[in-house]
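S.K.: Next come a sequence and a model predicted from it.
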Amino acid sequence: MKQGFFEIRENIPLTENVFKMTLEGDCSAITAPGQFVNIKLDGLYLRRPISVCDAEGDRLTLIYKVVGKGTEKMSLMKAGTLDILSGLGNGYDIEKSGSAPLLIGGGVGVPPLYLLAKELINQGKKATAILGFNTKSEIFYEKEFGALGCEVKVATADGSYGIKGFVTDALGGISYTHVYTCGPEPMLRAVYKSITTSGQFSFEERMGCGFGACMGCTCKTVAGYKRICRDGPVLFKEEINFD
């Protein structure tokens with residue numbers, strides 16, 4: 001974990017309520033795809049945890065959804081400096097991917113899979129990405145995953161684009177060696193029941209400190225209780241306890 005100051009270089013809407021923020025600063029603490037940062041915002045007590053979409057050199061890309069006061073405040077920022085804790089969480093283990101990894105993201109669970117896809121493609125893996133959204137107007141980063149070299153399938157719950165249904169409805173005909181996934185818990189539960197290999201699941205939990213001190217994001221696993229912010233947010237399928 002490292003605390004640093006990042007300069008906002010761009011902050012643009014991708015959809016009605018999803019924004020892409022590009023920052024410049026020291027990204028050296030970000031060592032694995034799937035990690036997150038914790039952002040201090042003036043006037044708000046708790047930092048806001050945001051998954052890392054991409055980190056390359058001194059350029060950090062975050063994609064976030066406006067869901068409350070913190071993210072609404074972020075969406076209005078056009079310039080300035082942010083106090084950020086970076087390199088939080090364990091991230092995905094890319095050594096477990098095998099030759100044909102499958103990436104499954106739902107909504108704002110899509111962004112942390114982008115850096116993962118980039119690293120897997122750079123290793124010569126044949127990666128497939130399934131991206132799930134409610135409707136066509138909410139879709140983002142389909143082309144960006146394709147540009148990396150991924151085979152991309154998009155599912156929309158209302159059938160307005162791509163495959164009608166949920167991400168699990170897009171699994172048919174895909175051969176894969178390992179699954180990486182991030183999204184809301186109902187989606188993770190459905191993926192857990194549907195996949196035929198091991199996999200890594202990134203959980204979205206409300207957090208206080210973001211680095212394991214407050215115990216506010218503790219969840220039950222087959223090996224006991226773990227802190228999502230420090231022991232996660234990524235858990236292996238075999239660790240998960242979906243009672």
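M.R.: Great, that's in hand.
S.K.: what pLDDT does the nearest residue to G109 once chain neighbours are set aside get?
M.R.: Excluding the flanking residues, the one nearest G109 by CB to CB, 6 or more residues apart in numbering is G183, at 3.2 Å. To be clear about C-beta, it is placed using only N, CA and C from the backbone, and glycine gets the same treatment. G183 carries a pLDDT value of 94.
S.K.: G183 reaches G105, doesn't it?
M.R.: Yes. Between G183 and G105 there is a contact at 5.9 Å, judged by CB atoms under 8 Å.
S.K.: Spit out the residues that contact those two alike.
M.R.: Common neighbours of G183 and G105 (criterion: CB atoms under 8 Å, 6 or more residues apart in numbering): 132, 167.
S.K.: out of the two, which sits in the more crowded spot?
M.R.: Legend: neighbour count by other CB atoms under 10 Å for G183 and G105, higher for G105 (27 against 24).
S.K.: Which residue, other than its chain neighbours, is closest to the more buried one?
M.R.: Closest residue to G105 apart from its sequence neighbours, by CB to CB, 6+ apart: L113 at 4.7 Å.
S.K.: Mind checking what secondary structure the residue nearest to T81 when sequence neighbours are not counted has?
M.R.: Distances taken as CB to CB, 6+ apart place F5 nearest to T81, at 5.1 Å, with adjacent residues excluded. Secondary structure, DSSP: H, G, I helix; E, B strand; the rest coil: F5 is strand.
S.K.: and F5, bridged to which residues?
M.R.: D83 (DSSP bridges).
S.K.: pLDDT below threshold where in the protein?
M.R.: Scanning the chain for pLDDT under 70 picks out 205-218, 223, 225-230, 232.
S.K.: Which residue ranges of it form helices?
M.R.: With helices called from DSSP state H, the chain shows them at 69-75, 112-122, 142-148, 185-194.
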